[in-house]
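*Asks:* here are the coordinates; sequence isn't available:
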């Protein structure tokens with residue numbers, strides 16, 4: 001729900017005299033809740049003392065109770081709202097915009113709360129005013145309070161609020177930022193005997209922002225100096241392409257070169273690959289296909305800068321689902337695959353930056369192809385797997401000449417709905433044994449895998465997990481699972497459909513899949529993407545970013561790591 005606040009410092013209501021007899025108000029006390037889910041009038045669940053300014057975590061809703069003392073005639077309807085100023089800037093009306101999925105995404109807003117009914121009456125809990133008490137109300141997803149007719153009295157109001165890490169136009173809240181609050185009404189701004197001041201803390205591992213839709217591999221990519229990079233949007237309501245960077249092992253993240261982002265939004269089909277000191281990206285919108293590229297911090301002349309923005313390479317008719325896959329070869333060329341209304345197409349960008357004409361994959365097929373995934377293998381050969389709408393998965397290689405090799409049937413029994421086109425996980429290539437693994441989701445939700453060793457035909461199917469894995473979460477027509485090669489083994493992260501929790505599975509020394517172990521619970525997981533990450537101590541881990549339950553909104557992207565062979569969280 002969205003409701004704009006009334007304009008600040010509005011004119012007096014008709015029929016009310018101005019001057020000393022005009023109604024007035026004073027903010028006399030405030031107190032923060034320690035639990036967002038407390039009952040409205042709980043007397044013990046406080047985060048600190050009355051009028052104690054406290055830190056608030058970005059992208060974590062909280063509740064603030066205010067006491068307002070008013071002067072004015074009894075029976076005169078009055079409504080109050082909040083204003084804020086960020087880091088001492090201009091005062092701004094505070095909007096209602098829910099979390100995590102709003103209609104607009106402001107830096108701070110009033111949100112919904114299901115622990116009390118909208119307008120539920122408050123009790124007199126705060127000690128700031130000695131005037132008679134006339135009950136205020138609990139606010140739910142509204143910018144202004146319900147009408148109050150207390151006259152010369154005081155009331156209390158409780159607001160559910162959130163401060164966001166990233167908001168529309170990539171506005172950023174950093175640790176140490178402050179938000180001062182005050183109250184206002186149609187008769188003017190309330191004076192403040194106390195000033196509620198919120199100091200922002202960005203928790204370790206929080207990226208915030210929004211996952212791109214239907215992503216292939218998107219990071220976190222690691223530069224040779226250890227810096228990590230991830231690709232995302234600031235908010236569902238602000239579809240900008242951002243590169244965010246961490247220089248401290250994933251604890252903190254910030255956007256880099258935000259002043260020169262690509263102009264193309266609409267981040268639907270999206271994939272990336274790291275080639276040397278540059279992250280290349282393939283991006284399919286409803287109208288066209290683009291290449292972008294970003295130089296990492298170990299680039300010798302232009303670190304942390306955009307290198308290519310909005311290079312259009314194709315303009316197919318809009319496919320049912322926008323998809324993209326991208327692979328880099330040792331000779332400096334790129335292979336990109338994207339969707340058309342009925343097929344997938346391949347184009348190659350040579351080391352000089354020239355894109356080839358399109359090669360249609362399976363041009364004689366009438367089965368609606370989609371869901372491509374790519375991986376670079378031995379001597380620069382590229383492996384391609386994809387799906388069709390008849391519930392099949394297919395696999396083939398792309399030779400040095402750019403021509404597709406013979407296709408192999410991977411599996412039938414995949415889902416056939418539009419949301420099932422992305423039933424193949426990112427491909428896993430193990431260079432030590434020249435092994436390519438295709439991991440896919442069956443219609444019953446289980447994950448299976450087939451592998452080719454040394455270029456031989458695919459072997460028989462193997463069980464990765466029989467747990468039901470989420471498919472088609474929110475805006476993604478693909479499996480909520482990820483796969484990588486790490487230290488000679490295949491690693492998978494997936495979201496369990498029954499619990500929404502994040503699980504990990506891996507192959508052992510014998511190449512067989514071990515049991516899945518719980519990694520993160522108490523979330524409503526929806527997406528995960530990861531890459532191998534080397535820690536400062538030299539150890540390799542499965543670094544990943546997961547969406548902890550944004551429902552297509554923003555603010556719940558978090559960074560985590562899995563140590564291969566370590567037990568999961570219990």
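*Replies:* Received the coordinates, thanks. Values in this document were obtained by computation on a predicted structure and should not be read as measured data.

*Asks:* identify the residues contacting stretch 303-312?
*Replies:* Stretch 303-312 is contacted from outside by 243, 245, 256-257, 260-264, 278, 280, 288-297, 299, using CB atoms under 8 Å, 6 or more residues apart in numbering. From N, CA and C alone the C-beta is placed, and that goes for glycine too.

*Asks:* which of those residues fall in strands?
*Replies:* Those of those mapping onto strands are 243, 245, 278, 280, 289, 290, 291, 292, 293, 294, 295, per DSSP state E.

*Asks:* which two among those residues are spaced furthest apart?
*Replies:* Farthest-apart pair in the ones in strands among the contacts of stretch 303-312 is 245 and 289; separation 25.9 Å (CB to CB).

*Asks:* more neighbours, the two?
*Replies:* Comparing residue 245 with residue 289 by other CB atoms under 10 Å, the one with more neighbours is residue 289, at 25 against 21.

*Asks:* what's the pLDDT at the closest residue to residue 251 other than its chain neighbours?
*Replies:* Of all residues not flanking residue 251 in the chain, residue 204 sits nearest, at 4.4 Å (CB to CB, 6 or more residues apart in numbering). Listed pLDDT for residue 204 reads 98.

*Asks:* quick check, central residue of this protein?
*Replies:* Residue closest to the mean C-alpha point of the chain, counted by CA atoms, centre = their mean, is residue 210 at 2.9 Å.

*Asks:* that residue contacts residue 240, correct?
*Replies:* No: Residue 210 is beyond contact range of residue 240, at 9.9 Å (criterion: CB atoms under 8 Å).

*Asks:* shared neighbours of the two, which are they?
*Replies:* Each of 233, 234 lies in contact with both residue 210 and residue 240 under the rule CB under 8 Å, 6+ apart.

*Asks:* for this protein, give me the ranges with low pLDDT.
*Replies:* Scanning the chain for pLDDT under 70 picks out 1-21, 566-570.

*Asks:* again, only using 50
*Replies:* When residues are selected by pLDDT under 50, those of the chain lie in 1-20, 569-570.

*Asks:* list the contacts for residue 348?
*Replies:* Each residue near residue 348 by CB under 8 Å, 6+ apart is listed here: 333, 334, 335, 336, 355, 356, 402.

*Asks:* now do 10 Å
*Replies:* 329, 333-336, 354-359, 382, 398, 401-402 (CB atoms under 10 Å, 6 or more residues apart in numbering).

*Asks:* drop anything exposed from the residues you listed.
*Replies:* Those of these that meet the buried threshold are 329, 333, 334, 335, 336, 355, 358, 359, 382, 398, by 16 or more other CB atoms under 10 Å.

*Asks:* could you tell me how many residues sit around the closest residue in space to residue 70 that isn't next to it in sequence?
*Replies:* Excluding the flanking residues, the one nearest residue 70 by CB to CB, 6+ apart is residue 25, at 4.7 Å. Residue 25 has 23 neighbouring residues, counting by other CB under 10 Å.

*Asks:* wasn't residue 25 part of a strand?
*Replies:* Yes: assessed by DSSP: H, G, I helix; E, B strand; the rest coil, residue 25 belongs to a strand.

*Asks:* show me what the strand or helix carrying residue 326 is packed up against.
*Replies:* Residue 326 is part of strand 324-328, with elements assigned from DSSP states H and E. If contacts are counted by 3 or more CB pairs under 10 Å, 6 or more residues apart in numbering; DSSP states H and E, strand 324-328 sits against strand 269-275, strand 278-284, strand 289-295, strand 334-339, strand 344-349, strand 369-376, strand 382-388.

*Asks:* sheet partners, orientation included, of that strand?
*Replies:* Here strand 324-328 is paired, per DSSP bridges, with strand 334-339 (antiparallel).

*Asks:* angle of the strand it pairs with against strand 289-295?
*Replies:* For strand 334-339 against strand 289-295, the angle by axes from the mean of the first three to the mean of the last three CA atoms, to 10 degrees is 140 degrees.

*Asks:* in stretch 539-550, what's buried?
*Replies:* Across stretch 539-550, burial judged by 16+ other CB under 10 Å covers 541, 542, 543, 544, 545, 546, 547, 548, 549, 550.

*Asks:* and these, which is closest to residue 528?
*Replies:* residue 546 (4.2 Å).

*Asks:* phi, psi of that closest one?
*Replies:* Note on residue 546: backbone dihedrals following degrees, to the nearest 10 are phi -130, psi 150.

*Asks:* contacting residues for it?
*Replies:* Counting by CB under 10 Å, 6+ apart, residue 546 touches 207, 211, 480, 482, 493, 495, 502, 519-520, 523, 525-530, 556-560.

*Asks:* can you rerun that using 8 Å?
*Replies:* Residue 546 is in contact with 493, 495, 502, 520, 523, 525, 527, 528, 557, 558, 560, counting by CB under 8 Å, 6+ apart.

*Asks:* and for residue 239?
*Replies:* Residues in contact with residue 239 (CB under 8 Å, 6+ apart) are 233, 265, 266, 267.

*Asks:* which one is it nearest to, not counting chain neighbours?
*Replies:* Using CB to CB, 6+ apart, the nearest residue to residue 239 is residue 265, at 3.6 Å.
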